[in-house]
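In: Structure for this input, please:
(4 chains)
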2 protein chains.
Amino acid sequence: MTRRTDALSRERIVEATIEILDTAGESALTLRALTAHLSTGRGALYHHVATKDDLLAAASDGVIGRVLAEVGGHEDPAYAIRALALGIFTAIDGHPWVGSQLARDPGQPAVLQIWTSVGSQLTRLGVTGRARSDAGSALVNYVLGAAAQHAAGARRAPDQAARQEYLQALATKWAGEDPDAAELLRDHDDRAQFLAGVDIFLAGVSALRKPAGSG
Amino acid sequence: MTRRTDALSRERIVEATIEILDTAGESALTLRALTAHLSTGRGALYHHVATKDDLLAAASDGVIGRVLAEVGGHEDPAYAIRALALGIFTAIDGHPWVGSQLARDPGQPAVLQIWTSVGSQLTRLGVTGRARSDAGSALVNYVLGAAAQHAAGARRAPDQAARQEYLQALATKWAGEDPDAAELLRDHDDRAQFLAGVDIFLAGVSALRKPAGSG
DNA sequence: ACCTGAACACCGTTCAAGT
DNA sequence: ACCTGAACACCGTTCAAGT
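Out: Numbers count the residues shown, from 1 in each chain, chains lettered A, B, ... in the order given. As a prediction, the model looks like this:
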């Protein structure tokens, strides 16, 4: 905070990277475009960043980090998980390149952050041990898969009429819990379908905790 | 079958593509390597293939198509879904480049094939209408997400001891249904966790069909 | 220590020229 | 119609040279 940020720094490079990705898309992110944007020489970047992949991972981590911080905690852990998932989905809707990037490396910081957040909410839900890592794996993989598919530009749309009807019903149901969520649902097909998937997993986790059928 | 396959054809090009990807990895697939492998000129490929992306999509479609054909139908639709998911997972384990490719474009033939297979098994399960497309979306996105993460080389491994114990239990349980599946499970952590996720999904679909709690 | 920018070793794709 | 292979317009990364 005290020093001038005029000089090149990893932070400034990551910032510029996010800006280019958001405004011009993933294909526009070349090191040449980036150095032009920062008005510096090509090799200068390599004093602050290991590789282009490193840069993409750092940019994704920045976006996801902000989302997870904003989402915060809701009292009901199941609701918190829905909010967490929806926050990630919304972020990827606004920054499609993040969706592609998250699918690329399971060990990158952004993905580990998501694991941690999901894990802590599952703990609050009362799920522990092996069941917790299974449920976490299921949820994280679902969210990342949906995110990548949506980011790549999902075009599936079977019958638009029935879908609108369903959307209304789901929005009404959710309105009881959070009017803002209901607002978001209206006219957002992919979002509604994504949330329906989250509910399927939550129902599955709950059902497997207290099985009421076989022995 | 009657004509000689000596000449260049889309099929021969796709075959050679799969071979290079399997033996040398995705980074080794260059059009230069491919033309060398086929001992032809660079531009010749473009008479049979639109672009390199087209080629990757065709190669993935070939692998997935074979898997879906082999998996066939089991009498119990829930079991058939597990077999389908496991088949895709195994294919991606053996051809990691397929996992990355499937995450890249939701409209490519291989992904549409997966949607179709999942959809028909869900119908056999008795799920229809809106519930069917929600469940299908959840399962497909989960499978593709897990596949991409696994393909990228998942390295998460918390406590190896408890995991081994769990594996044994799951393998024993599954042995009642299919000894071969139990065989596959032993010593395959990611595979077991993947299947646990499929079971969470199936439990969720079942639970949401006959809700036994709220009004 | 940090930066510059030319050079290096690649890419996917195109296209005039051949058969 | 199909194929050739040189040429084109790019890449990410490196590195001697500057300050």
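In: gap between A:A78 and chain B?
Out: A:A78 sits at a distance of 12 Å from chain B (criterion: Cβ to the nearest Cβ, to the nearest Å). The C-beta positions use only the backbone N, C-alpha and C, and glycine is treated the same way.
In: Let me fix that, I meant to ask about A:G153.
Out: With Cβ to the nearest Cβ as the criterion, A:G153 and chain B are 7 Å apart.
In: what about that residue, which SS state?
Out: coil (DSSP: H, G, I helix; E, B strand; the rest coil).
In: Contacts only, for it.
Out: A:96, B:105-107 (Cβ atoms under 8 Å, 6 or more residues apart in numbering or on different chains).
In: Output stretch A:99-112 as PDB - backbone C-alpha positions only.
Out: Taking Å, rounded to 0.1, in the frame of the first residue of the first chain, the C-alpha atoms of stretch A:99-112 are listed here in PDB:
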ATOM      1  CA  GLY A  99     -14.500 -22.600 -16.800                       C
ATOM      2  CA  SER A 100     -12.000 -24.000 -19.300                       C
ATOM      3  CA  GLN A 101      -9.100 -23.300 -17.000                       C
ATOM      4  CA  LEU A 102     -10.500 -25.100 -14.000                       C
ATOM      5  CA  ALA A 103     -10.900 -28.300 -16.000                       C
ATOM      6  CA  ARG A 104      -7.200 -28.200 -17.000                       C
ATOM      7  CA  ASP A 105      -5.400 -29.000 -13.700                       C
ATOM      8  CA  PRO A 106      -6.900 -30.400 -10.500                       C
ATOM      9  CA  GLY A 107      -4.000 -29.200  -8.500                       C
ATOM     10  CA  GLN A 108      -4.200 -25.500  -9.300                       C
ATOM     11  CA  PRO A 109      -5.000 -23.100  -6.400                       C
ATOM     12  CA  ALA A 110      -8.500 -22.200  -7.700                       C
ATOM     13  CA  VAL A 111      -9.600 -25.800  -7.600                       C
ATOM     14  CA  LEU A 112      -8.100 -26.400  -4.200                       C
END
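In: hey, which helix or strand in chain A has the poorest pLDDT?
Out: helix A:179-185 (a mean of 46; mean pLDDT, DSSP states H and E).
In: Sticking with A:G136, tell me its helix or strand.
Out: helix A:129-151 (DSSP states H and E).
In: and if you look at A:I81?
Out: Counting by DSSP H and E, A:I81 is part of helix A:77-94.
In: again, but for A:T40
Out: Here A:T40 is assigned to no helix or strand, by DSSP H and E.
In: ditto for A:D61
Out: Judged by DSSP H and E, A:D61 forms part of helix A:52-71.
In: Report pLDDT for A:V71.
Out: We have a pLDDT of 90 for A:V71.
In: Let me see the contact set for the residue lying closest to it once chain neighbours are set aside.
Out: In this structure, A:V71 finds its nearest non-sequential neighbour in A:G87, 4.3 Å apart by Cβ to Cβ, 6 or more residues apart in numbering or on different chains. If a contact means Cβ under 8 Å, 6+ apart, then A:G87 has A:67-68, A:70-71 as its contacts.
In: Next one: A:G87 relative to A:Q121, how far apart?
Out: Distance, A:G87 to A:Q121, by Cβ to Cβ, to the nearest Å: 12 Å.
In: Then A:A147?
Out: Taken as Cβ to Cβ, the span from A:A147 to A:Q121 is 17 Å.
In: which of the two has more neighbours?
Out: More crowded of A:A147 and A:Q121, by other Cβ atoms under 10 Å in any protein chain shown: A:A147, with 28 against 24.
In: ok, back up a step: how about the contacts of A:G87, which pair is most distant?
Out: Farthest-apart pair in the contacts of A:G87 is A:L68 and A:E70; separation 7.4 Å (Cβ to Cβ).
In: pLDDT at whichever residue of chain A sits closest to DNA strand C, what is it?
Out: Minimum separation of chain A from DNA strand C (Cβ to the nearest atom of the strand) falls at A:G43, amounting to 2.0 Å. pLDDT for A:G43: 94.
In: Please list all residues in contact with it.
Out: With Cβ under 8 Å, 6+ apart, A:G43 has no contacts at all.
In: buried sites along stretch A:49-66?
Out: A:49, A:55-64 (16 or more other Cβ atoms under 10 Å in any protein chain shown).
In: and whichever residue of chain A sits closest to chain B, how many neighbours?
Out: Closest residue of chain A to chain B, Cβ to the nearest Cβ: A:G145 (2.2 Å). For A:G145, the neighbour count with other Cβ under 10 Å is 29.
In: if I look at it, how far off is B:L202?
Out: Taken as Cβ to Cβ, the span from A:G145 to B:L202 is 17 Å.
In: in what helix or strand does the closest residue to A:H150 other than its chain neighbours lie?
Out: Nearest residue to A:H150, sequence neighbours excluded (Cβ to Cβ, 6+ apart): A:D190, at 5.6 Å. A:D190 is part of helix A:189-209, with elements assigned from DSSP H and E.
In: ok, now A:A33?
Out: Using DSSP H and E, A:A33 sits in helix A:31-37.
In: and the closest residue to A:V49 other than its chain neighbours, what pLDDT?
Out: Closest residue to A:V49 apart from its sequence neighbours, by Cβ to Cβ, 6+ apart: A:L55 at 5.1 Å. Looking at A:L55, its pLDDT is 97.
In: ok, so what distance separates A:L55 from A:A24?
Out: For A:L55, the distance to A:A24 equals 15 Å [Cβ to Cβ].
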